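Asks: Give me a 3D structure for the following:
(chains A and B)
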Amino acid sequence: MSYLELLGVPIYVFLIVAVFLYAIGIYGMATKRNMIRFLIALELLLDGAHLNFITFAVAWQGFYIDLLAQAIVIVSICIGGGVIAIALAFIIRAYNKFGTLDIRKLNKLRH
Amino acid sequence: MAIGIEQWILLIPLWLPFIGALIIGLIGTRIKERGKAALGGLSAFFFFVALVFLILLWYQVLGGGPITIWYWPQGAFDATTGATFFYIDFLTVYMAVVFAFLGFFVSIYSIKYMEHDTRLSLFYALLLTLVGGMIGVVMAGDFFTLFILWEVMSISSYVLVAFRKDEAEPLEAGIKYLLLSAVGSTLILFTMSILYGITGTINLYAIGPAIEALFSPLPATTSPLYGLVLFTMVGLIVGFGVKAAIAPLSTWLPDAHPAAPSGISAMLSGVVIMTGSYAILRLFLNFYGNALLTTTLTYIFTYYGMILSWFAIFTLIFGNLMALTQKDIKRLLAYSTIVNVGYIIFGYTIAMMPLSYWIPATETPFAVEYALTGSLFHITSHMLAKGALFLISGIFIHQLHTRDLDLLRGAGRRMPITMFCFTIAALSLAGVPPLIGFYSKFYIIWGSIIGGAYLSTIILVLMSAFSVVYYLRMIQILVFSEPSPEAAAAKDPHPLMLFVIVVMTLFIIGIGIFPTFFLDVARLAAESALTMPII
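Replies: Next up is the predicted model:
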């Protein structure tokens, strides 16, 4: 069984890398306490999904690339930038207020 | 149809809020302190116009059937590769009316409630983009549109939760909400990339037939893609479930809803989480509904509705138990929101179960229709009642500067009109007969009993009775206790705030007494949710 190739690399390699990126992101989200690291993990989660989309865009069309999937990825990168920007704004405020970047120290709301 | 003048007119409810946000943002920087009330009025005006055009759109759909509006001229792309379009049917318009309705009242309410805040132009602009995003989510026909507008909605709600950025609590709630919700969004994106990989399209109405075609020649379990399709189910439930606040994923909700300004609490609790549940309903029926009907599919594939229904029951029990012990009035209402999400999701799942396995096939359509009608009607009833309750708790905060039920003891005696509205709204949520909340719950329970889901229905009814405890407890504390020293200063608020809650209460009573028309509207919405168009 032959696989489609992208830049001379079989396509499933890209999919495995995408899942790997997503898994690393989830790991980071689950274990880290620093909010900046949370955001890095969030970016990795997004990148996993983006790589998946790009790979499948090639796989489906064969000779050319499905532009709609590419458009989704580009727009999603922009949106991701917006979300990260807002998160950074929140985190700067939280740092000024609480004096820490540790998310577990933000516990005014525990009842 | 490609986009022309006529289509731009049909899409007014979608783009008008964004234009409104732009206008308010532009003039907001120049306006003086005294003109701040005008911004709220302007925002309410935009919502009102959107509402009027939505009702016109409703008649348009009633007369001519569902409307499909493509981004491109016909023939430029086919329905799989260039699938970017809006799809407008009864369900879309129904949800959009609910969103714009609450947006209208929250704008009016916020004129007085937010009078001591600064940056009001940002507040109203974000309120408009929030509702615009939600209307876009329900109008979207493909994943591209849905995702963009979903994120517009999400980003607006993150900022609105942390709007009072100088206080610690909204900031903390905002961070938690943002992180959880953003992970949910990435999971939606990842899941949709896999669905795109399996089916080759992002058209929400073409993915279902593609999945069906994939599995029809062979027993599903032998297909190598079986596991992937199961993964997409889990991914969609978890991804949208974060926003819809299904129980294990709802940890952000009791933090975020109380921390936001009260108008925003009402928006978040009444309508924003309903976009999550809308997405679950639409996507699950469209993607897996067809596959469910073909009998070649077996096992977990057919039972995802049952699994989801037990999640809904778990949501109910969790929300009820947590609500019982709360001392903070808004936190209590937030947990009660989780309970109501349980009812709504449970009604949806009746439509997703293979009911004909255990009840006569002639009964199945009735069960599905009643349960879905009940669920969709419960969205309206919950929006009215919970919206009113959050706005009234905002009045308590505005007057007495506290959310603690102990300090609010007896406050209701000093503010009779407010307390009357509070009582009606709470009783409606508890499901007392002449009010709107009774009919929605009744239809959900009726549908699930016809559908033969006896055990879960019994738990649902018990939990519904159980929830009366904390609604009555709130009323008891607010009215039948001796007023605390803090509460003695309470009085009915500014007429503008009173107007909003009184009108919402009149809707609760009025629809409760004359439910037929609104039930028919909900039934039409339920039917259009069940028809799977071929695009």
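Asks: how about the strands of chain A, start to end?
Replies: A:5-6, A:9-10 (DSSP state E).
Asks: what packs against the last one?
Replies: With contacts defined as 3 or more C-beta pairs under 8 Å, 6 or more residues apart in numbering or on different chains; DSSP states H and E, strand A:9-10 has no packing partner among the helices and strands. Every residue, glycine included, has its C-beta placed from N, CA and C.
Asks: partner strands of that strand, parallel or antiparallel?
Replies: Sheet pairing for strand A:9-10, assigned by DSSP bridges, gives strand A:5-6 (antiparallel).
Asks: And the strands of chain A, which one averages the lowest pLDDT?
Replies: Of all the strands of chain A, strand A:5-6 carries the lowest average pLDDT, namely a mean of 68.
Asks: what residue is smack in the middle of chain B?
Replies: The centre of chain B sits closest to B:M274, judged by C-alpha atoms, centre = their mean, with a distance of 1.6 Å.
Asks: element containing that residue, please.
Replies: B:M274 is part of helix B:273-293 when elements are defined by DSSP states H and E.
Asks: Over to B:E527?
Replies: Using DSSP H and E, B:E527 falls within helix B:516-530.
Asks: Can you list the neighbours in contact with that helix?
Replies: For helix B:516-530, contacts defined as C-beta atoms under 8 Å, 6 or more residues apart in numbering or on different chains pick out B:66, B:89-91, B:93-95, B:281-282, B:285, B:351, B:368-369, B:372-373, B:375-377, B:380, B:439, B:443, B:511.
Asks: next one: stretch B:52-67
Replies: Residues from elsewhere that reach stretch B:52-67 (C-beta under 8 Å, 6+ apart): B:1, B:9-10, B:12-13, B:16, B:86-90, B:93, B:96-97, B:100, B:528, B:533.
Asks: taking those residues one by one, which sit in helices?
Replies: Of the contacts of stretch B:52-67, the ones assigned to helices by DSSP state H are B:9-10, B:12-13, B:16, B:90, B:93, B:96-97, B:100, B:528.
Asks: Next, format those residues as JSON lines and append distance to B:I24 and pLDDT.
Replies: JSON lines is the format used below for these (distance: C-beta to C-beta, whole Å; pLDDT from 0 to 100):
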{"residue": "B:I9", "distance to B:I24": "22", "pLDDT": "90"}
{"residue": "B:L10", "distance to B:I24": "24", "pLDDT": "89"}
{"residue": "B:I12", "distance to B:I24": "17", "pLDDT": "91"}
{"residue": "B:P13", "distance to B:I24": "17", "pLDDT": "91"}
{"residue": "B:L16", "distance to B:I24": "12", "pLDDT": "94"}
{"residue": "B:F90", "distance to B:I24": "31", "pLDDT": "92"}
{"residue": "B:V93", "distance to B:I24": "25", "pLDDT": "94"}
{"residue": "B:A96", "distance to B:I24": "20", "pLDDT": "94"}
{"residue": "B:V97", "distance to B:I24": "22", "pLDDT": "94"}
{"residue": "B:A100", "distance to B:I24": "16", "pLDDT": "94"}
{"residue": "B:S528", "distance to B:I24": "33", "pLDDT": "90"}
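Asks: Looking at these, which two lie furthest apart in space?
Replies: B:L16 and B:S528 (23.4 Å; C-beta to C-beta).
Asks: tally of neighbours for B:W446?
Replies: Using other C-beta atoms under 10 Å in any protein chain shown, B:W446 has 17 neighbouring residues.
Asks: now the angle from the helix or strand harbouring it to helix B:516-530?
Replies: In this structure, B:W446 is located in helix B:436-450 according to DSSP H and E. Here helix B:436-450 runs at an angle of 50 degrees relative to helix B:516-530 (axes from the mean of the first three to the mean of the last three C-alpha atoms, to 10 degrees).
Asks: could you list every residue that touches the closest residue to chain A within the stretch 201-350 of chain B?
Replies: In the stretch 201-350 of chain B, the residue that lies nearest chain A is B:D255 (4.8 Å; C-beta to the nearest C-beta). Listed by C-beta under 8 Å, 6+ apart, the contact partners of B:D255 are A:109, B:172-173, B:176-177.
Asks: pLDDT below threshold where in chain A?
Replies: A:1-6, A:60-64, A:108-111 (pLDDT under 70).
Asks: In it, which helix is the longest?
Replies: helix A:67-98.
Asks: Tell me how far B:H398 lies from B:M497.
Replies: 8 Å (C-beta to C-beta, to the nearest Å).
Asks: which neighbours do the two share?
Replies: Shared contacts of B:H398 and B:M497 (C-beta under 8 Å, 6+ apart): B:112-113.
Asks: More neighbours: which of the two?
Replies: Higher neighbour count among B:H398 and B:M497: B:M497, with 23 against 17, using other C-beta under 10 Å.
Asks: Would you indicate which residues of the host helix or strand of the more buried one are buried?
Replies: Element membership for B:M497 (DSSP H and E) is helix B:495-513. Within helix B:495-513, the residues scored as buried using 16 or more other C-beta atoms under 10 Å in any protein chain shown are B:497-498, B:500-505, B:507-508, B:511-512.
Asks: what do you get for stretch B:159-171?
Replies: Residues B:159-164, B:168, B:170-171 are the ones in stretch B:159-171 that count as buried (16+ other C-beta under 10 Å).
Asks: Those residues: which ones sit near chain A?
Replies: With C-beta under 8 Å from any C-beta of the partner chain as the criterion, the buried residues of stretch B:159-171 include B:159, B:162, B:168, B:171 near chain A.
Asks: list the contacts for the last one?
Replies: Just to be clear, that refers to B:L171. Applying C-beta under 8 Å, 6+ apart to B:L171 gives the contacts A:90, A:93-94, A:97, B:162, B:165.
Asks: Can the lowest-mean-pLDDT helix or strand in chain B be said to contact chain A?
Replies: The weakest-scoring helix or strand in chain B, judged by mean pLDDT, DSSP states H and E, is helix B:207-215 (a mean of 81). No - using C-beta under 8 Å from any C-beta, helix B:207-215 stays clear of chain A, with a minimum separation of 11.5 Å.
Asks: quick one: average pLDDT of the helix holding B:W446?
Replies: Helix B:436-450 comes out at a mean pLDDT of 92.
Asks: Kindly confirm my reading that B:D78 forms part of a strand.
Replies: No - counting by DSSP: H, G, I helix; E, B strand; the rest coil, B:D78 is not part of a strand but coil.
Asks: Could you check how many residues crowd around it?
Replies: Residues lying near B:D78 (other C-beta under 10 Å) number 10.
Asks: got it, and A:N107?
Replies: 9.
Asks: likewise B:S336?
Replies: Under the neighbour criterion other C-beta under 10 Å, B:S336 is assigned a count of 27.
Asks: ok but it is inside a helix, no?
Replies: Yes - counting by three-state DSSP, B:S336 is part of a helix.
Asks: Grab the nearest non-local neighbour of it.
Replies: B:A323 (5.3 Å; C-beta to C-beta, 6 or more residues apart in numbering or on different chains).
Asks: again with B:F101
Replies: In space, and not counting its chain neighbours, B:F101 is closest to B:L51: 6.4 Å by C-beta to C-beta, 6+ apart.
Asks: just checking, that neighbour touches B:F99?
Replies: No - using C-beta atoms under 8 Å, B:L51 is not in contact with B:F99, being 9.6 Å away.
Asks: Neighbour count for those two, which is higher?
Replies: B:F99 (32 against 18).
Asks: That one and chain A: what is the separation?
Replies: According to C-beta to the nearest C-beta, to the nearest Å, B:F99 stands 21 Å off from chain A.
Asks: per-residue pLDDT, that residue?
Replies: You'll see B:F99 listed with a pLDDT of 94.
Asks: now B:L122: how far from B:A351?
Replies: Applying C-beta to C-beta to B:L122 and B:A351 gives a distance of 40 Å.
Asks: For the two, work out which one has more neighbours and name it.
Replies: A count of neighbours by other C-beta under 10 Å puts B:A351 above the other of B:L122 and B:A351, at 25 against 19.
Asks: The residue nearest to B:S336 - how many residues pack around it?
Replies: Counted with other C-beta under 10 Å, residues neighbouring B:A323 total 25.
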